[in-house]
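# Predicted model follows, preceded by the sequence.
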There are 2 protein chains.
Amino acid sequence: MKAPLRVGIAGLGVVGGGTVKLLAHARDLLRQRVGREIVVTAVSARDRAKARGLGCEDVPWVEDAADLATRNDVDVVAELIGGEDVARRVIEAAISQGKHVVTANKSLLSKHGTALARAAEERGVALAFEAAVAGGIPIIKALREGLVANRVTRVQGILNGTCNYILTQMEASGRSFHDVLAEAQVLGYAEADPTLDVGGFDTAHKLALLTSLAFGTEVDLEGVTTEGIERITPLDIVFAREFGYRIKLLGVASATARGVEQRVHPAMVPLDTPLADVSGVFNAIVTQSDYAGKSVFEGRGAGEKPTASAVVSDLVDIARGLRLPAFVRPAAELEEARRSPTDDRVGPFYLRFQVLDKPGVLSIISRGLARGGISIESMIQRGRAPGESVPIVMLTHESREGDLKAALSLIAEEEVIMEPPCMIRIERFQGDK
Amino acid sequence: MKAPLRVGIAGLGVVGGGTVKLLAHARDLLRQRVGREIVVTAVSARDRAKARGLGCEDVPWVEDAADLATRNDVDVVAELIGGEDVARRVIEAAISQGKHVVTANKSLLSKHGTALARAAEERGVALAFEAAVAGGIPIIKALREGLVANRVTRVQGILNGTCNYILTQMEASGRSFHDVLAEAQVLGYAEADPTLDVGGFDTAHKLALLTSLAFGTEVDLEGVTTEGIERITPLDIVFAREFGYRIKLLGVASATARGVEQRVHPAMVPLDTPLADVSGVFNAIVTQSDYAGKSVFEGRGAGEKPTASAVVSDLVDIARGLRLPAFVRPAAELEEARRSPTDDRVGPFYLRFQVLDKPGVLSIISRGLARGGISIESMIQRGRAPGESVPIVMLTHESREGDLKAALSLIAEEEVIMEPPCMIRIERFQGDK
């Protein structure tokens, strides 16, 4: 049998701890499937007590995780610390010492992915990150290998379990975003500071990586237009349902004639399409490509076990000798991402206006939209409360996003409009059944 | 740049032709992503005119496909002829000459997969077959690599597009199986002899391969209990809907305490689970595994382009140097499949009895079921037609399949029972949202 693959683990939190446990749990299985062992030969973490809890207190301990890189008994450094400063130092040290790197760090890769990939390729080591996007779904492998012969034209995904859990609960219970968020925090499904998740930023990190894999462009986090779910109300969820949609936080990357469009925002998803039924903490990704057509991947996005499953699959690839460029094509050949402005995007929209219930309001809104060249496909004005605030809800025909925004900002100035208008994009899916 | 990977293509039908076209279409893309070219250096087919139509009339032509194996300018033989006799001879010749093999031949592999895998591994060549199961879905790669650290406990799939198309059309139109089948034959979605598809045999071939990949057992086609969709009626589809189900032809493999259970049959799938919404010619597979949990994969199952996408992904793996055992663990270590008898399976069932509408009929049926230890969860007896045939439909509680069958065969002997009772298994999905 081949010599074992020796792994140094940086970080023994949820992901690092899960990886240590899985390597022990699946030891015989992996030996049989891989033809060699994968052993943890050094660990590093903030708190040494973690190692005891994981039964690896006898594994050599390294105070500074970056020192894993200099050890002769380490072939791969698994950076599972998260965050950006220490993690970056650890990965750079590993690459410069000729060690392979496995990481789950979407935040770091979304900012420095191209540079790290280039460094790894120059040094001839792997930079693998299956665990960075949708742990339970082998989507990186699908884009890098399974769909390798395809020109991918679109990636649409539910990439953040926290947001999907909150939206699912809001729909089920009719409660507000803030109520459900508070409960999710108590249950451990949301962080004390939830901004990274609910603001759409975590989804943007993951989307930026998928975009590069799909289109062969440099990782361009700054090119992602990002909106969170904080302003979604139970009312919008109910109206969505009436029109045949469900609201999901999506990450969408499209290869358009004008360049690469990357956007993260709450979207109206048609009820009979695959992403509409993805609920709770599940993630899912739909790809559209020239030969395979539509492919859908769904699974658990986060959590100890699915993420560990992804980390170990990367370790197995390295143990089996697979050495692929991080972003499919060599990093030096990634193209600069020409950004397609989201204002130029054309699509249908859901609009909700909170208006003073008095005669003539609808005509003010419809005149404002008509002036902007926006035409209405359907409208609901339900209930009466003279002199009070009531909702007027509309779906538009295909409209240019920039034109719609301009029209809305003019309409918002009217005295009868009580709140900034709510605008939610309606997402289309190609190649549906 | 590394030397090109040289491919000999056996068979220029839908799949072989599609592969030739895709290799030409994606030539630049593949060169960039793989770092070497993949070139067709020899072809063989029944009809030489095919090569002209594909623009490869200048590629050396081989009369007997097995002779591709002996050519010095061929590294990989792509067996895309289908069928069993010639194909087997071509694959065995390739392996014995030390050529890698890529094939889409589920029928052959389901019967001789273990032996061919062993031969390939002894000779140190790849035997790759991503195109054999659900072309547009990289499910072989997911089981062999993405989920490699997992103990898979269950695989449930819609694996035959023809059956799924027929069932989808039957539901949409209310027409009979035979009507819809005839139309599907005209449209080219079903073969002139449809038995392989509608009888469930094609699904069984694919399931047998997935079972081996998932559980590490020898390919055991004979262990698959197989029923087709020929007896499904529009009436059952309507009742299914009333109870909250949709009828799908499923392939299911489970690792049970008693052994490996492999079954192909029409099943009632709960409407809110992922397989229920897979319609038309799409395929989908749900896996349940210990670390990743539930994973769902959906995509086009067949057709020129998705299948070519899968064939070329295998060629790319070979070009990149990936050499994995065909069924995850080495073929010599595959375990004999201990079969778990389907009669021992316990689950809920849908039953439909066509009875003579007269008093006392329900009591005859319920007494017969009670004697067999089968208890009823719900019942519909709708419409009256005294003296004529009417349906009585029931859902059972969890029942042992063998016990139910015994009870049904006794009930079927009663004079008031006008047709053999219809029994459809209700499929449960673990780990649902």
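On my side now, so go ahead.
# Would you mark the buried spots in the lowest-mean-pLDDT helix or strand in chain A?
Evaluated with mean pLDDT, DSSP states H and E, the helix-and-strand set of chain A has its lowest mean pLDDT in helix A:49-53, which scores a mean of 83. When neighbours are counted by 16 or more other C-beta atoms under 10 Å in any protein chain shown, the buried residues of helix A:49-53 are found to be A:50-51. Every C-beta, even on glycine, is put in place using the N, C-alpha and C of the backbone.
# CA atoms of that helix as CSV?
This file holds the C-alpha atoms of helix A:49-53, laid out as CSV (Å, rounded to 0.1, in the frame of the first residue of the first chain):
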residue,chain,number,x,y,z
ALA,A,49,-8.7,21.5,25.1
LYS,A,50,-10.3,20.9,21.7
ALA,A,51,-7.8,18.3,20.8
ARG,A,52,-8.6,16.3,24.0
GLY,A,53,-12.3,16.4,23.2
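# A:G293 pairs with what?
Each beta-bridge partner of A:G293 is listed here, defined by DSSP bridges: A:S289.
# actually A:V155, sorry about that
Here A:V155 sits in beta bridges with A:A253, A:T287, going by DSSP bridges.
# what does A:I426 give?
Going by DSSP bridges, A:I426 forms beta bridges with A:M268.
# Roughly how far does it sit from chain B?
According to C-beta to the nearest C-beta, to the nearest Å, A:I426 stands 19 Å off from chain B.
# quick one on the thing from earlier: check whether the helix or strand following the least confident helix or strand of chain A comes near chain B.
Scanning the chain past helix A:49-53 towards its C-terminal end, the next helix or strand to appear is strand A:76-79 (assignment: DSSP states H and E). No. Using C-beta under 8 Å from any C-beta of the partner chain, we find that strand A:76-79 stays clear of chain B, coming within 13.2 Å at best.
# Check which element follows strand A:76-79 along the chain.
Using DSSP H and E, the helix or strand that follows strand A:76-79 towards the C-terminus is helix A:85-96.
# Using PDB, write down the CA coordinates of that next one.
The C-alpha coordinates for helix A:85-96 follow below in PDB (Å, rounded to 0.1, in the frame of the first residue of the first chain):
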ATOM      1  CA  ASP A  85      -5.700  37.300   8.400                       C
ATOM      2  CA  VAL A  86      -4.400  34.200  10.100                       C
ATOM      3  CA  ALA A  87      -5.900  31.900   7.500                       C
ATOM      4  CA  ARG A  88      -4.200  33.700   4.700                       C
ATOM      5  CA  ARG A  89      -0.800  33.500   6.400                       C
ATOM      6  CA  VAL A  90      -1.400  29.800   7.000                       C
ATOM      7  CA  ILE A  91      -2.300  29.100   3.300                       C
ATOM      8  CA  GLU A  92       0.500  31.200   1.900                       C
ATOM      9  CA  ALA A  93       3.100  29.500   4.200                       C
ATOM     10  CA  ALA A  94       1.800  26.100   3.100                       C
ATOM     11  CA  ILE A  95       2.000  26.900  -0.600                       C
ATOM     12  CA  SER A  96       5.400  28.400  -0.300                       C
END
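# Please enumerate the helices of the stretch 201-350 of chain A.
When assigned using DSSP state H, counting those that start in this stretch, the helices of the stretch 201-350 of chain A occupy the ranges A:201-215, A:234-243, A:304-319.
# tell me what the longest one is packed against?
Going back to what we said before, that points to helix A:304-319. Judged by 3 or more C-beta pairs under 8 Å, 6 or more residues apart in numbering or on different chains; DSSP states H and E, the packing partners of helix A:304-319 are strand A:5-10, helix A:14-25, helix A:27-34, strand A:38-44, strand A:76-79, strand A:100-103, strand A:127-128.
# if we go to 7 Å?
Packed against helix A:304-319 by the contact rule (3 or more C-beta pairs under 7 Å, 6 or more residues apart in numbering or on different chains; DSSP states H and E) you find strand A:5-10, helix A:14-25, helix A:27-34, strand A:76-79, strand A:100-103, strand A:127-128.
# Format the ones you listed as a markdown table; extra columns: distance to A:I137, mean neighbour count and mean pLDDT.
Listed next are these as a markdown table, based on distance: least, C-beta to C-beta, whole Å; neighbours: other C-beta atoms under 10 Å in any protein chain shown; pLDDT from 0 to 100:
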| stretch | distance to A:I137 | mean neighbour count | mean pLDDT |
| --- | --- | --- | --- |
| strand A:5-10 | 23 | 26 | 98 |
| helix A:14-25 | 16 | 22 | 97 |
| helix A:27-34 | 20 | 17 | 96 |
| strand A:76-79 | 20 | 28 | 98 |
| strand A:100-103 | 17 | 28 | 98 |
| strand A:127-128 | 15 | 27 | 98 |
